[in-house]
Structure formats: C-alpha cells, structure tokens
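**Q** mind folding the following:
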Amino acid sequence: MKMQLETSVMNLISHYGPGVIRINDQEYTSNILVTADGVTENWFNGSIDTLAAQHFAPLVSLPADKKPEVVLLGTGSNHVFPSMKLLAELRAQGLVVEVMNTRAACRTYSVLIGEDRIVAAALIQIDP
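**A** Just a heads-up that it's a prediction; the model follows:
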C-alpha cells in the first residue's frame, strides 16, 4: 500500500471574533467572501438590506466544478435575513444560500470544508 501526505491548500477559518476573521494565519477586518480557493476582501459594505445579487457575482461566475453547493451568509453579530426577493434571485442563478450569524457561518464553513464539500461563506464582520 502506498501512502502519501495530502498537501492541498484550502482556506481554513482559524479564528473569528469582533472585527476580525483569521484564515490561514491572515487576518481580515473587512467583510469577506471565502471559498476553499480564494478570499475576496471588502466583499460588501453596507446594511443587510442593501445586499444585492451583484455582490455574489464572483460565485455565480465560477465553473460548474467550483460552484458551491451552499453559500453560508454570515450576517454579523445577529441573525438577520436579507430580502426574500434576493434569496429567490440567487436561487435562480444557481446559488443556495443559508443565512445565519457570522459565528455560526464560520463554524459551519469549517465543518463542510473539512468534509471536502464545495462551500462558500459570505461573511459580514461581527460588531466590535
């Protein structure tokens, strides 16, 4: 039997707290969009009611084998739903969005990425 060390690099969330999310020893203080392959800084700025489909364009444009099974939307300190119209529009574009607070989104992302699932997390910073 041949054994080898798997060396694939993926973005792992190692810390989240008020005003900061750490991924692979890099700290982010802006809202971010994260997949196993990349991190988009300053992904979105504004209140949740100004969130629009265009903010998710980087995920919509991914090739089919990289498109996430689910997008975890972390809404900051509190669990706040965006408009149902937005969620329906994203669904029509092939994105399934699960809404939760950012702490829960970070934990869920870590579990799913650890299971080799194709997942994305759109994370609004937790209030400092």
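**Q** pLDDT of the helix ranked longest in the chain, averaged?
**A** What stands out as the longest helix in the chain, according to DSSP state H, is helix 102-114. Averaging pLDDT along helix 102-114 yields 96.
**Q** again with stretch 81-90
**A** On average, stretch 81-90 scores 96.
**Q** what's it in contact with?
**A** 48-49, 51-53, 56, 71, 73, 75, 97, 99 (Cβ atoms under 8 Å, 6 or more residues apart in numbering). Glycine gets a C-beta too; all of them are placed from N, C-alpha and C.
**Q** name the helices or strands packed onto the longest helix of the chain?
**A** Helices and strands touching helix 102-114, by 3 or more Cβ pairs under 8 Å, 6 or more residues apart in numbering; DSSP states H and E, are strand 13-17, strand 70-75, strand 119-124.
**Q** the helix or strand just after the shortest one: partners in the sheet, and parallel or antiparallel?
**A** Beyond strand 13-17 in the direction of the C-terminus, DSSP states H and E gives the next helix or strand as strand 20-23. Taking DSSP bridges as the criterion, strand 20-23 pairs within the sheet with strand 13-17 (antiparallel), strand 26-28 (antiparallel).
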